[in-house]
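Asker: build me a model from this:
(one chain, ligands or ions: 1)
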Amino acid sequence: MTAQTLDGRAILATIKEELRGRVAALAERGVVPGLGTVLVGEDPGSRWYVGAKHRDCAEVGIHSIRRDLPAGSSLPEVLAVVGELNADPACTGFIVQQPTGLDENAILSAVDPAKDVDGLHPTNLGWLVLGRPAPLPCTPVGCIELLRRYDVPIAGAKVVVVGRGLTVGRPLGLILTRRSENATVTLCHTGTRDLAAEVRQADIVIAAAGVPGIVTGEMVKPGAAVLDVGVSRVLDPETGKGRVAGDVADDVWEVAGFVSPNPGGVGPMTRAMLLSNVVEAAEHAAAG
Ligand SMILES: Nc1nc(=O)c2c([nH]1)NC[C@@H]1CN(c3ccc(C(=O)N[C@@H](CCC(=O)O)C(=O)O)cc3)C=[N+]21
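Answerer: Numbering: from 1, shown residues only. Now for the predicted structure:
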């Protein structure tokens, strides 16, 4: 058996097309959505992600505002830029790319919750727990949207999430157990006693621990859907070059029914959901 590819790049292209229509409808009312990004330092991976987000915006007709700060910028310097974007009417929503090396909670808390297109402001995470609509984190929603677009059933499914981080695992558990998703979730992590036994129960496995190859073929139930979220930079022993390693081992493709490749799976979906959060924030703002 060879798994079907959950093609995040193809779905990103489809979602961009859908968003272009919504952006055009906003334009008729004189509204142009604007995405701001704040990047601290020179990390090549972070620079690539931020650059990709601006290229995405250009394709969809979203205005974008880029604020790059030098490595070693202080918390007050970053908070000053956050304050400027909070006050800028051209900026519908913005993100501060993590990691900044600074107090992330202080930065997240300073963002106007209405402009928090990362869905990571304490108020928005609080609304998620309390069950009121608010911007949702992009990677978890990207995982769910990718499954939906391939008609992988979520309601009633047993989902094992590997990883409890703030940006993926923790909010995924909260989102998947809402009435609208209705999954049964087991939230695992690198300290889980018998990870293989947990994963083997799952109809859907979401690997977001940041440990290369932590989910292997022998752990996966035949036919399950497996999403590879983890991104680790490793040195390829054969070429000696750096490359991205996901959390899903290659042999999973022989067992699973669906696999999201990495790259080309959840990463592009994260960008799609960011664009979608920006357009939605602009629609909310336009509706008053
Ligand atoms: N405030 C904040 N919000 C984020 O959403 C956020 C962040 N900080 N910090 C870092 C993570 C990571 N992230 C990715 C976005 C796109 C791809 C992506 O599109 N990757 C491509 C290309 C990967 C490659 O080839 O290097 C792919 O998977 O196909 C990956 C990862 C957003 N993050």
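Asker: mind listing the strands in the stretch 151-288 of the chain by residue range?
Answerer: Using DSSP state E, counting those that start in this stretch, the strands of the stretch 151-288 of the chain run over residues 158-162, 184-188, 204-207, 225-228, 232-235, 242-245, 258-260.
Asker: right, and these - which one's nearest the ligand?
Answerer: Smallest distance to the ligand across the strands of the stretch 151-288 of the chain (C-beta to the nearest ligand atom): 5.4 Å, for strand 242-245. Just so you know, the C-beta spots here come from the backbone N, C-alpha and C atoms, and that holds for glycine as well.
Asker: does any bit of that closest one sit next to the ligand?
Answerer: Yes: using C-beta under 6 Å from any ligand atom, strand 242-245 reaches the ligand at Val244.
Asker: helices or strands next to that strand in the packing?
Answerer: strand 232-235 (3 or more C-beta pairs under 8 Å, 6 or more residues apart in numbering; DSSP states H and E).
Asker: check which helix or strand covers the residue nearest the centre of the chain.
Answerer: Most central in the chain under C-alpha atoms, centre = their mean is Thr139, positioned 1.6 Å from the mean C-alpha point. Using DSSP states H and E, Thr139 sits in helix 138-149.
Asker: tell me the buried residues in that helix?
Answerer: Cys138, Thr139, Pro140, Val141, Gly142, Cys143, Ile144, Glu145, Leu146, Leu147, Arg149 (16 or more other C-beta atoms under 10 Å).
Asker: distance of Met25 from the ligand?
Answerer: You called it Met, but residue 25 is Ala. To the ligand, Ala25 is 26 Å away according to C-beta to the nearest ligand atom, to the nearest Å.
Asker: show the pLDDT at the closest residue to the ligand within the chain.
Answerer: For the chain, the residue closest to the ligand is Gly267, as judged by C-beta to the nearest ligand atom, at 2.2 Å. pLDDT for Gly267: 97.
Asker: with just CA atoms, put stretch 172-179 into CSV.
Answerer: Extracted C-alpha coordinates of stretch 172-179, given in CSV (Å, rounded to 0.1, in the frame of the first residue of the first chain):
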residue,chain,number,x,y,z
LEU,A,172,-4.8,21.3,18.2
GLY,A,173,-6.2,19.3,21.1
LEU,A,174,-8.5,22.2,21.9
ILE,A,175,-9.7,22.7,18.4
LEU,A,176,-10.2,19.0,17.5
THR,A,177,-12.4,18.4,20.6
ARG,A,178,-14.8,21.2,19.8
ARG,A,179,-18.3,20.1,18.9
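Asker: near the residue of the chain closest to the ligand, how many other residues are there?
Answerer: Counted with other C-beta atoms under 10 Å, residues neighbouring Gly267 total 24.
Asker: residues contacting the closest residue to it other than its chain neighbours?
Answerer: Closest residue to Gly267 apart from its sequence neighbours, by C-beta to C-beta, 6 or more residues apart in numbering: Gly8 at 6.5 Å. Contacts for Gly8 were tallied using C-beta atoms under 8 Å, 6 or more residues apart in numbering; they are Gly142, Leu146, Ser260, Pro261, Gly264, Gly265, Val266, Gly267, Pro268, Met269, Ala272.
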